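Enquirer: coordinates only, sequence not included:
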């Protein structure tokens with residue numbers, strides 16, 4: 001599993017985030033331990049109140065547990081992974097909550113611990129927790145037989161196209177995937193050996209090199225979005241300056257935006273708008289299918305939970321009837337039979353718990369498989385829309401290159417305009433009147 005963790009505060013805000021359904025198909029509060037309340041918001045409120053008695057501001061340790069794509073991790077698998085983390089970091093016995101999230105056909109878990117030792121009123125020190133969690137993550141991949149990511153095999157092999165939330169939001173506004181945008185910039189950077197080559201390669205992909213207000217070299221697209229060259233190319237700013245030179249010789253972003261706006265025709269703008277409308281319409285259709293499936297899955301889980309509750313109550317009553325009461329109960333305690341019946345009941349209750357979990361996991365795995373099928377459709381639709389938008393960007397660049405900067409075309413167009421003006425003048429000029437002669 002991929003393990004991500006950080007120390008943080010503001011427990012009530014974290015509780016609301018963990019329970020939010022906005023970005024998730026399913027949210028389940030699985031376990032709350034070590035708090036007075038079983039309600040997550042109230043439990044985290046307790047953690048906040050206790051932390052006020054210390055100087056610790058980041059009194060929570062929040063983690064996410066993400067199995068690899070295509071892997072079905074059971075509830076027990078998640079619990080064992082969480083227990084391994086507790087043992088590795090010394091968090092055994094600390095107040096803890098576990099929440100399951102499902103999104104886009106994948107299930108992951110969030111575990112949050114309070115770092116405050118309530119007896120000594122001091123925070124636990126989690127030294128080098130990232131290194132320790134990396135070791136736990138590697139072991140989980142080995143134990144489950146999952147293909148280990150290259151980044152876990154060797155830290156130098158981590159994905160160079162990782163992106164921040166800000167970059168993802170910017171790419172989302174432009175209708176593109178942030179990872180794909182970084183791949184475009186990285187390819188242009190690696191295949192260009194000079195500023196001219198870099199600038200030309202960017203233009204062919206619908207980006208214009210410009211001088212940024214704060215970032216030095218930037219690229220501007222037809223929407224006016226500005227991209228820092230160093231960040232999106234995955235290189236240092238000093239390396240950009242070494243290859244591209246002084247950015248002061250470039251035009252400003254406002255000048256480049258004005259040029260792009262002048263060069264785009266109404267027809268080309270309509271093509272782009274139509275492509276965006278088509279993509280939005282296809283997205284709405286898939287969103288409707290997604291909402292229908294998610295609603296049906298939630299109902300199936302609700303029915304299974306109610307069936308488990310009814311069966312658990314019936315089995316609990318049956319087990320309780322086995323225990324003798326009154327004088328018979330006293331006699332059975334003296335002979336040891338009571339302890340045997342009690343041990344049998346506990347064993348059957350544990351088996352029933354594992355049975356219910358197995359049934360729940362089976363239903364969830366089935367639903368995830370169905371959800372992944374529609375997610376593949378969503379991914380294919382997004383890729384098609386992004387490919388079309390990228391082609392339109394290239395068309396914009398080609399149009400400006402061929403029609404704005406081509407001197408032959410410009411002179412031809414000027415001659416055409418001159419002839420049109422002269423023709424209109426001749427049409428408006430008054431015609432000479434013919435004089436009538438007189439017979440002598």
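Expert: Happy to help now that I have it. Please read these numbers as outputs of a predicted model, since none were measured by experiment.

Enquirer: show me how far stretch 236-245 is from its chain's centre.
Expert: Here the centre of stretch 236-245 is set off from its chain's centre by 31 Å, with Cα atoms, centre = their mean, to the nearest Å.

Enquirer: what are the contacting residues of that stretch?
Expert: The contact list for stretch 236-245 (Cβ atoms under 8 Å, 6 or more residues apart in numbering) reads 192-195, 198, 209, 216-217, 229-230, 233, 247. No exception for glycine: its C-beta is placed from N, CA and C like everyone else's.

Enquirer: let's see that with 6 Å instead.
Expert: 195, 217, 229-230 (Cβ atoms under 6 Å, 6 or more residues apart in numbering).

Enquirer: which one of these is nearest residue 202?
Expert: Nearest to residue 202 among the contacts of stretch 236-245: residue 229, at 8.7 Å, using Cβ to Cβ.

Enquirer: quick check: phi and psi on that closest one?
Expert: In terms of degrees, to the nearest 10, the main-chain angles of residue 229 are phi -60, psi -40.

Enquirer: try residue 212
Expert: The phi/psi pair for residue 212 (degrees, to the nearest 10) is phi -80, psi 160.

Enquirer: how much space between it and residue 48?
Expert: 42 Å (Cβ to Cβ, to the nearest Å).

Enquirer: equivalent analysis for residue 109, please.
Expert: Counting by Cβ to Cβ, the gap from residue 109 to residue 48 is 22 Å.

Enquirer: likewise residue 315?
Expert: Where residue 48 is concerned, residue 315 sits at a distance of 39 Å (Cβ to Cβ).

Enquirer: give me the more crowded residue out of those two.
Expert: A count of neighbours by other Cβ atoms under 10 Å puts residue 48 above the other of residue 315 and residue 48, at 18 against 14.

Enquirer: so the more buried one touches residue 11, yeah?
Expert: Yes - using Cβ atoms under 6 Å as the test, residue 48 is close enough to residue 11 to be in contact (4.4 Å).

Enquirer: give the burial count for residue 309, as a bare number.
Expert: By other Cβ under 10 Å, the burial measure for residue 309, its neighbour count, is 11.

Enquirer: so which strand or helix has it?
Expert: According to DSSP states H and E, residue 309 maps onto helix 266-322.

Enquirer: against which helices or strands is that helix packed?
Expert: helix 337-399 (3 or more Cβ pairs under 6 Å, 6 or more residues apart in numbering; DSSP states H and E).

Enquirer: counting contacts, what elements does the helix it packs on pack onto?
Expert: helix 266-322.

Enquirer: quick one: distance of the helix it packs on to the chain centre.
Expert: 19 Å.

Enquirer: and what of stretch 205-221?
Expert: On Cα atoms, centre = their mean, the centre of stretch 205-221 falls 26 Å from that of its chain.

Enquirer: repeat for stretch 24-40
Expert: Using Cα atoms, centre = their mean, the offset of stretch 24-40 from its chain centre is 23 Å.
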